[in-house]
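Visitor: quick one, what's the 3D model for this:
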Amino acid sequence: MSDYDKKVHTVGLISTIVIIIALAVVPVFTHIVSGVDDLDIKTTMEAAISALAVFGPIAIIEFLSYAPIMGAGGLYLSFTTGNVMNMKLPAAQSGLKLANVESGTKEADVISTLSIAVSSLVTTGILFIGMILAAQLLPVLQSPTLAPAFNNLMPAIMGALTVPIIIKNPKTASVPCALIIILTLIMGYATITANQTYILPIFLIISLAWAYFLYQKKTKNGGNE
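Guide: Model (predicted):
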């Protein structure tokens, strides 16, 4: 690894450990201050295992999916600041598109890290302003005029990210998109959303297999497809 990569991983690991400790301190401190003597280890472990069963596969999938786009620095920032799919990923994609840089390169790692860092600062600033002006802003944000927009925020963001990729690689996207559309029509949107933890890894494997099939077909035809 280059000196830049080593520094990114060093700072990233240290900051991640500090944040994990800080997150653990909150319940421990609350436990001490509240004066609760008995901690139900069994209930705590059951809750932790349940959360891990749901979010563990998602975390692995996100790591494998986002790494080529965000790079090491971007991943450390994203996973410690949150809002990966609806904030950090679009910021990284927009930064790469504006800089006209391909994902997976050294330049892309730097640009993604800078884009996500700026996004984190902007998000923190907006949250700070919202915290101060919550009483004044809440009625406006919950008004009948703006409520539909916030309810469709995630589909709008993911659509804006997905459509250019589909247009750029229609053959690669054809089978996975067709299958998930058919599955959604059969099972219903609510069922797909409720079981996305299990559906995502399946479609990740399908997408990789289909892309590999197209690559092998193109190679056999001398790169003419």
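Visitor: can you list the domain ranges for the chain.
Guide: By the record's domain assignment, the chain is partitioned as 1-132, 169-225 (automatic domain parsing).
Visitor: can you redo the ones you listed as a markdown table with mean neighbour count and distance to L138?
Guide: Every residue, glycine included, has its C-beta placed from N, CA and C. As requested, the domains of the chain are exported to a markdown table (neighbours: other C-beta atoms under 10 Å; distance: least, C-beta to C-beta, whole Å):
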| stretch | mean neighbour count | distance to L138 |
| --- | --- | --- |
| domain 1-132 | 14 | 9 |
| domain 169-225 | 13 | 26 |
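Visitor: out of the ones you listed, which is closest to I157?
Guide: Relative to I157, the nearest member of the domains of the chain by C-beta to C-beta is domain 1-132, separated by 5.5 Å.
Visitor: so for the lengthiest helix in the chain, mean pLDDT?
Guide: When the chain is scanned for its longest helix (criterion: DSSP state H), the result is helix 41-81. Along helix 41-81, the predicted confidence averages to a pLDDT of 80.
Visitor: that one - contacts with which helices or strands?
Guide: helix 3-34, helix 89-99, helix 106-132, helix 196-220 (3 or more C-beta pairs under 8 Å, 6 or more residues apart in numbering; DSSP states H and E).
Visitor: now do the third one and helix 3-34, the angle between them.
Guide: In other words, helix 106-132. With axes from the mean of the first three to the mean of the last three C-alpha atoms, to 10 degrees applied, the angle from helix 106-132 to helix 3-34 works out at 30 degrees.
Visitor: C-terminal to helix 106-132, which secondary structure element comes first?
Guide: Beyond helix 106-132 on the C-terminal side, the first helix or strand identified by DSSP states H and E is helix 134-141.
Visitor: CA atoms only: put that following helix into CSV for me.
Guide: Taking C-alpha atoms only, helix 134-141 is exported to CSV below (Å, rounded to 0.1, in the frame of the first residue of the first chain):
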residue,chain,number,x,y,z
ALA,A,134,-36.9,22.5,15.3
ALA,A,135,-40.0,24.1,16.8
GLN,A,136,-40.2,26.5,13.9
LEU,A,137,-39.3,24.1,11.1
LEU,A,138,-41.3,21.1,12.1
PRO,A,139,-44.8,22.4,11.1
VAL,A,140,-43.4,23.4,7.7
LEU,A,141,-41.7,20.1,7.1
